[in-house]
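S.K.: got a sequence here, can you model it:
(chains A and B)
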Amino acid sequence: MSKSGQPSLTRRGFLKTSTVVAVGAAAGFGGLSVPLLKKDRLLLRPPGALDEDLFLASCIKCGQCLQVCPPQVIRLADIWQGFGIGTPYIVPREGGCILCSGLPCVLACPTGALDHHLSLGKDAEMGLAVLSSPDTCLAGKGVNDLVHRLEQLRRDDQAGMDMAELQDIVTGCAARLSPEEKQVWQDHFSLPEISEQTLPELVARFKPEDIDWLGEFLASSSLAKTSCRVCLDTCPIREEQPIVFTPHREGGPGAFLPSVQKTCVGCGVCEEKCPTALPSITIVPRLKWSENGTTRQEEDGAA
Amino acid sequence: MKNQSTQTAARPTTGVRSYKGAGLRSRNTPQPGHRKNKWRIIRWTVLLSIQLLFFASFYIDVQILEGTLSGSRLLGFHLIDPLAALQLILASKIIMVNLIIGVVTIFIIYLIFGGRSFCSWICPYHWLAELGEMVHMKLKKKKIVKNHVLDRNIRYYFYVIFLALAWITGYTVFETINPVSIISRSVVYGPSWMLLWVAVLLLFEIVYSRRGWCRYFCPVGVSYQLIGLLAPLRIKWDREKCSNCKRCQSVCLVPHVLNDCVNTGKAGYVDSSLCTRCGRCVDVCDDEALGFSFKYLDKII
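M.R.: As a prediction, the model looks like this:
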C-alpha cells in the first residue's frame, strides 16, 4: 500500500482533499436529510411507543418487538416508509395489533422506545379509529356483514371461488345462529349438533353448491336484520366500549353508525376486519382524544 | 501531524533491523505442518454461525441469540452495540438502564478478547469485504484497478461527527447508513432495499480503495477499538523465528500495527488497538513467528 512511488506532497494533498470530502459528505448527509425526511406522514407504531420524535431517537432498530409479536403484525420500515429505516410499524388493514396480554413487544424492547410503564393493552395510545367513510359503512346502511360478504363472493364468482372467504363466512354464520336456526343447519348438513367441535366437519361438508342455500337462509334469517357490528365485535378491548352504535335515520330502520369513544387505543383490528372493500373505519396514528370530547392531531414539534 | 507520521511509518523500507534473521529471508521453506488458512476457516465458521443463530432465532424460533447486531439477547441477556447505544443516549438525552446493561456485557466480552475482534469475528460486513478484497486483489494484479490510500483518521472524524449529529438532530443518523445493522437486519427479517447502499460500499472497496470502509470510515470499529484498548488477547511475535518476509503486512487490514514487531523489532506483541485479531498474519506466516497469545497472562499460566 505504500510502494506506489507517488511524490509525498501530492499524496498528502490527496489525503487532505479526500478527508475533507468524506467528512463534509457525512456531516451534510445527516444535517440536511434529517429535517427534510422527518416531515413524512406518521406510521402506526407498536403499543407503548414514545412520542414520535423521542421514539425515533430511542429505537435501536433491533427488531426484537417483531420477533416476539404473536400475531406477527409488526414489520420494519424500509426506504419506502420514509423516515426511520428499520423502525417497527403496523399496517392495520393487513393486520392490527391484538393487544396481547403482557404486551410482549413492550417487554422485548431493550431501549424503552416502547415504554415499559405500559402494562395493559387498554392503556396504550397508538392512535384513534375514525369513521373515515360513513357512506360505505354497512352498519350505517343497516346491512349485515355476512350477507354483504356472501353477496360480494357471489358477484366475484367468475374469477373462481375464494374458498377461504367462503369458509370464513360459514364459520361466522355458524357462530351466530339462534337455537332454531341451528336445528335447520343440523338437518341440512346431517350433523348431530352445531358447535365448536363440529365446525371443521361442517366446513368440510359445505360444498360450493350450498352457496345458494346459504344465500336464501341468510335472507330469511334473523341475521339479515342485524346490521354489521364487526368493528366492535372484533375489538380486543370491547369491554371498554371503544365503539358505540347510534341510530342512523338516513340509513333506514336498523341502521346504526359506529362512533369511536375515548377508550379506543388505535390498535387497528377494526380497520383490518372491516368488511367493506375499502375500510370504512381507519386508524389515524398518534391521534389523541382531547378534553372537550373531540379528537386532535398530536402536535408535531421537535420540542 | 499524527497522520503524516503513521504514513511514513508504514513504509517497510524504514526501521532498524536489529534482530536475528532480519531481512535475510534465510528460511523461506514453510515450517512443516503449517496450515495456511487455519484461522480464517475458524473465524469464518464463527462469524457465519453467529449470523445463522440470528437467522434461526426468527425463522425457527431458536432462542439462543435473538435480535440483530444493534441489539440482541444472548440466552436472555441484553447485548447492545456500544455505538448505537451512545447515539441513542445522545439523541434522546435519556439514559436507559437496559442499554447500560447491554453495553456493559459487551464491554466485558471485548475487554478480554480485543475490541476490534468484533470486526473480524462477528461483523457480517467484514466477511463480505474480505470477499471483496479477494476480487480487488485479482483485479489489481491484472492492473484493472488501483488501490487508493486514504486518511486513516477519517474513522475518528466520522465517529465524532455522527455522535454530534445524533445530539443535534435527535436522531440516530448513522444507524440509517450503518452497513453492519443493515446486513444484520436483512439476515434476520428479510432483505431491505438499503442493501443497495452496502453494495455501493463494496463496489467502492473493489474498484477504488482496498478494504476502504473498514480501514478508513467505519465508526463502529472505532467504538469497539476504544473498548479493547487494554485487551490482553494479542498477536505475539517471535523474533527468533521471523525471516522478515513481510507477508503478514501484505495481508493485514491495518499493516502499520505490525511495524513495531517486524520492521523495528521493538515489541514482542502487536499492541495497537486497531488490530482486529483476524489471524490472517498468523495464517500467512509460514515461519510460524506469529500467533495468538494473552499478554500479561501467559506468564502466569
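S.K.: next up, the contacts around the residue of chain B found nearest chain A.
M.R.: Residue nearest to chain A within chain B (CB to the nearest CB): B:Gly71, separated by 3.4 Å. To be clear about C-beta, it is placed using only N, CA and C from the backbone, and glycine gets the same treatment. B:Gly71 is in contact with A:Ile60, A:Lys61, A:Cys62, A:Gln64, A:Pro110, A:Thr111, B:His78, B:Leu79, B:Ile80, B:Asp81, B:Ala84, B:Gly102, counting by CB atoms under 8 Å, 6 or more residues apart in numbering or on different chains.
S.K.: highest neighbour count among those residues?
M.R.: A:Cys62 (33 neighbours; other CB atoms under 10 Å in any protein chain shown).
S.K.: is it true that it touches B:Leu65?
M.R.: No. Using CB atoms under 8 Å, A:Cys62 makes no contact with B:Leu65, being 11.8 Å away.
S.K.: intersection of neighbour lists for these two?
M.R.: B:Ser72.
S.K.: what comes up buried for stretch A:238-246?
M.R.: By neighbour count, with 16 or more other CB atoms under 10 Å in any protein chain shown as the criterion, the buried positions of stretch A:238-246 are A:Pro242, A:Ile243, A:Phe245.
S.K.: hmm, A:Leu114 and A:Pro46 touching each other?
M.R.: Yes. Using CB under 8 Å as the test, A:Pro46 is close enough to A:Leu114 to be in contact (5.8 Å).
S.K.: what sits in contact with each of the two?
M.R.: Overlap of the contact sets of A:Pro46 and A:Leu114 (by CB under 8 Å, 6+ apart) consists of A:Cys65, A:Cys105, A:Val106.
S.K.: burial of the first one, as a residue count?
M.R.: Think A:Cys65. For A:Cys65, the count of nearby residues is 28 (other CB under 10 Å).
S.K.: Three-state assignment for the one residue in chain A that gets nearest to chain B, please.
M.R.: Proximity of chain A to chain B (CB to the nearest CB) peaks at A:Cys62, 3.4 Å away. With DSSP: H, G, I helix; E, B strand; the rest coil as the basis, the three-state label of A:Cys62 is coil.
S.K.: and the pLDDT for it?
M.R.: Predicted confidence (pLDDT) at A:Cys62: the value is 93.
S.K.: next: A:Ala159.
M.R.: Each residue has a pLDDT score; the one for A:Ala159 is 63.
S.K.: by contact count, what packs against the strand or helix carrying B:Ile108?
M.R.: Taking DSSP states H and E as the criterion, B:Ile108 maps to helix B:97-113. Using 3 or more CB pairs under 8 Å, 6 or more residues apart in numbering or on different chains; DSSP states H and E as the contact test, the elements touching helix B:97-113 are strand B:77-80, helix B:82-92, helix B:219-227.
S.K.: quick one: which of those is nearest A:Gly127?
M.R.: Within these, the stretch nearest A:Gly127 is helix B:82-92; the backing value is 21.6 Å (CB to CB).
S.K.: picking up where we left off before, next SSE after the helix holding B:Ile108?
M.R.: Scanning forward in sequence from helix B:97-113, with DSSP H and E defining helices and strands, the next element found is helix B:117-121.
S.K.: contacts for that next one, please.
M.R.: With contact meaning CB under 8 Å, 6+ apart, helix B:117-121 is reached by B:43, B:46-47, B:110, B:126, B:214, B:218, B:220-221, B:224, B:228, B:231, B:233, B:253, B:276-279.
S.K.: list the buried residues in that helix.
M.R.: Counting neighbours by 16+ other CB under 10 Å, helix B:117-121 gives B:Ser117, B:Phe118, B:Cys119, B:Ser120, B:Trp121 as buried.
S.K.: what does stretch B:196-203 give?
M.R.: B:Trp197, B:Val198, B:Leu201, B:Leu202.
S.K.: what's the longest helix in the chain?
M.R.: The chain I'm using is chain A. What stands out as the longest helix in chain A, according to DSSP state H, is helix A:8-37.
S.K.: nope, chain B please
M.R.: Looking across chain B with DSSP H, the single longest helix is helix B:38-59.
S.K.: now do the buried residues in it.
M.R.: B:Trp39, B:Arg40, B:Arg43, B:Leu47, B:Ile50, B:Gln51, B:Leu53, B:Phe54, B:Phe55, B:Ala56, B:Ser57, B:Phe58.
S.K.: and the strands in the stretch 201-301 of chain B?
M.R.: With DSSP state E, counting those that start in this stretch as the definition, the stretch 201-301 of chain B shows strands at residue ranges B:233-237, B:290-294.
S.K.: need the winner for burial among those strands.
M.R.: For the strands of the stretch 201-301 of chain B, the stretch with the most neighbours on average is strand B:233-237, a mean of 22; neighbours defined as mean count of other CB atoms under 10 Å in any protein chain shown.
S.K.: tell me what angle that strand forms with helix B:97-113.
M.R.: For strand B:233-237 and helix B:97-113, the angle between their directions (axes from the mean of the first three to the mean of the last three CA atoms, to 10 degrees) works out to 20 degrees.
S.K.: which strands and helices sit next to strand B:233-237?
M.R.: By contact count (3+ CB pairs under 8 Å, 6+ apart), the secondary structure elements abutting strand B:233-237 are strand B:290-294.
S.K.: can you list the strands that the strand it packs on pairs with?
M.R.: Looking at strand B:290-294 with DSSP bridges, its partner strands are strand B:233-237 (antiparallel).
S.K.: quick check: mean pLDDT of the partner strand?
M.R.: If you average the per-residue pLDDT over strand B:233-237, you get 92.
S.K.: and what of stretch B:144-154?
M.R.: The average of the pLDDT scores along stretch B:144-154 is 91.
S.K.: where do the strands of the stretch 51-200 of chain A begin and end?
M.R.: With DSSP E, counting those that start in this stretch as the definition, the stretch 51-200 of chain A shows strands at residue ranges A:74-76, A:88-90, A:127-131.
S.K.: just those strands: most buried one?
M.R.: The highest mean neighbour count among the strands of the stretch 51-200 of chain A belongs to strand A:88-90 (a mean of 25), with neighbours defined as mean count of other CB under 10 Å.
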